[in-house]
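Asks: Below is the sequence, then the predicted model.
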Amino acid sequence: MLPSAWRLRRRSQFARVYSKGRSAATDLVVVYTLANNDQVTRIGFSVSKKLGKAVARNSVKRLLREAVRPMLSDIKVGLDIVVVARRKASGAALADFAESLDRLFKKLGIIK
């Protein structure tokens, strides 16, 4: 799990990134990003109930976290990032998530 200081936790934090941030999407995930005034990058994950019951949603969240983990050292400092899973994400593998996130992070310019 990511350290607490590196996570978005409150609904208001997610809402701010959704409303003011930039986004990019693939068929598996949507990534929203917004600059913050901190010296830390915070990441939040969102999986809708449309994706399935709790076991399926938590499985997708674990895969997303694991796909982001190797990229943490390459992500620029001072960003809030929200990763939202789409419906196709329920059948995806870790490699699919890693490829999609890498492509989106590069597209949004959040990789060093």
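Replies: Right, received. Where do you want to start?

Asks: Can you pull the phi and psi angles for residue 40?
Replies: The phi/psi pair for residue 40 (degrees, to the nearest 10) reads phi -140, psi 150.

Asks: Provide the secondary structure category for the residue nearest to the spatial centre of the chain.
Replies: For the chain, residue 83 is the residue whose C-alpha lies nearest the centre (Cα atoms, centre = their mean; 2.4 Å). When classified by DSSP: H, G, I helix; E, B strand; the rest coil, residue 83 comes out as strand.

Asks: Show me the shaky parts of this protein.
Replies: Within the chain, the segments meeting pLDDT under 70 span 1.

Asks: Helices of that one, residue ranges please.
Replies: Remark: helices assigned in the chain by DSSP state H are 11-20, 54-68, 94-108.

Asks: ok so, going back, which one is the residue nearest to the centre of the chain nearest to, not counting chain neighbours?
Replies: Distances taken as Cβ to Cβ, 6 or more residues apart in numbering place residue 45 nearest to residue 83, at 5.2 Å, with adjacent residues excluded. For every residue, glycine as well, the C-beta is placed using N, CA and C.

Asks: roughly how far apart are the one you found and residue 81?
Replies: 10 Å (Cβ to Cβ, to the nearest Å).

Asks: So what's the residue count around the residue nearest to residue 83?
Replies: 22 (other Cβ atoms under 10 Å).

Asks: how about it, what does it touch?
Replies: 61, 64, 65, 82, 83, 84, 85 (Cβ atoms under 8 Å, 6 or more residues apart in numbering).

Asks: these two touch, right, the second one and residue 84?
Replies: No: here residue 64 lies out of contact with residue 84, judged by Cβ atoms under 8 Å, at a distance of 9.4 Å.
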